[in-house]
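> model this:
(4 chains)
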2 protein chains.
Amino acid sequence: MDAFGALADPTRRELLDLLSRGERTAGELGSVFPSVSQPGLSRHLRVLREAGLVRARRQSRHRIYSLRSEGLAPVDFWISKYRGFWETELDALESFLDAQGRAGARRPTRRGTRDR
Amino acid sequence: MDAFGALADPTRRELLDLLSRGERTAGELGSVFPSVSQPGLSRHLRVLREAGLVRARRQSRHRIYSLRSEGLAPVDFWISKYRGFWETELDALESFLDAQGRAGARRPTRRGTRDR
DNA sequence: ACGATTATTAGCCCTAGAGTTATAGGTTCT
DNA sequence: AGAACCTATAACTCTAGGGCTAATAATCGT
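Numbering: from 1, shown residues only, chains lettered A, B, ... in the order given. Reported below is the predicted structural model:
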């Protein structure tokens, strides 16, 4: 399964979110998902591994997982082609709203993707 | 199926790529994929519609599809949390783009983020 | 109204994904 | 070596995704 497929599952996305805050052992990751069985979680981790999104190393009896963020680069590259689209559309929406009521001259500047 | 799931299929990603260059009728989109039956393509378009990634309107006998880029915003937002990672770790996006064949521009994608 | 055109839905298969229990693989401790 | 621990794999079931053909819907031209 490629990276796009791996990201389709919410559990796996949450695993990546956890790992983005630091490496964790498989057991620690599993304890966050009481609803998922241990083998089930191991399988999710395997999918993430084979998609190149995490790596695992062994330390004593544990397996320590860490993020391999480069694996997300193709996904980000793909979506970056669209990034301008909704920015300009939202800008258009904003100026429409300006025209509707607000006399405010707040010019919508091109900005990052994280507002909204 | 949510947007992440919709993007997991390569045919659907290609459909979005086509629509990013302008609206197309269902038939025009289908002609690009001779390997996929017409009902099969219609199903992909339905998935994209229900995921909020495209919209369709009717014009005479045709159904004209167009991109709804805002639907991609949640995906971009999710991945934006990781964007800094590979820049600081490896700058792997650049190597990815190099591997794609493009001569290495220091800032390959047009980006609106305001890091640094 | 009828036939032609364009696209969607319905009704099937068939495979892949995700979950489960049971088992195996390593590692550490005694 | 054997027990305890942590994680991965095997074998199986069940469901959802995706493909196909056939049928249905909507529109246009005559």
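
> Can you pull the phi/psi pair for A:Arg24?
phi -140, psi 150 (degrees, to the nearest 10).

> Tell me who's in contact with A:Leu15.
A:Leu29, A:His44, A:Leu45, A:Leu48, A:Val54 (CB atoms under 8 Å, 6 or more residues apart in numbering or on different chains). Where you see a C-beta, it was placed from the backbone N, CA and C, and this is true even at glycine.

> What pLDDT is listed against A:Glu87?
Per-residue pLDDT puts A:Glu87 at 72.

> Report the separation between it and A:Val75.
As judged by CB to CB, to the nearest Å, A:Glu87 and A:Val75 stand 19 Å apart.

> now A:Val36
A:Val36 is 24 Å from A:Val75, by CB to CB.

> And A:Ser60, by the same measure?
34 Å.

> Tell me which residues touch the residue nearest the centre of chain A, please.
For chain A, the residue nearest the mean C-alpha position is A:Arg13 (6.0 Å; CA atoms, centre = their mean). By CB under 8 Å, 6+ apart, the contact set of A:Arg13 is A:Leu7, B:Phe4, B:Trp78.

> Am I right that it sits in a helix?
Yes - the assignment for A:Arg13 by DSSP: H, G, I helix; E, B strand; the rest coil puts it in a helix.

> and the residue nearest to A:Arg57 when sequence neighbours are not counted, what element?
Leaving aside its chain neighbours, A:Arg57 sits nearest to A:Ile64 (5.5 Å; criterion: CB to CB, 6 or more residues apart in numbering or on different chains). Element membership of A:Ile64 [criterion: DSSP states H and E] is strand A:62-67.

> That strand near DNA strand C anywhere?
No - counting by CB under 7 Å from any atom of the strand, DNA strand C is not contacted by strand A:62-67; separation bottoms out at 8.6 Å.

> do the same with stretch A:11-20
Yes - against DNA strand C, stretch A:11-20 shows contacts by CB under 7 Å from any atom of the strand at A:Thr11.

> Please name the residues that touch the residue nearest to A:Arg57.
A:Glu23, A:Arg24, A:Thr25, A:Ala56, A:Arg57, A:Arg58.

> The host helix or strand of the last one vs strand A:62-67, what angle?
Read that as A:Arg58. Assigned by DSSP H and E, A:Arg58 belongs to strand A:54-59. Orientation note: strand A:54-59 sits at an angle of 150 degrees relative to strand A:62-67 (axes from the mean of the first three to the mean of the last three CA atoms, to 10 degrees).

> Sweet, I'm off.
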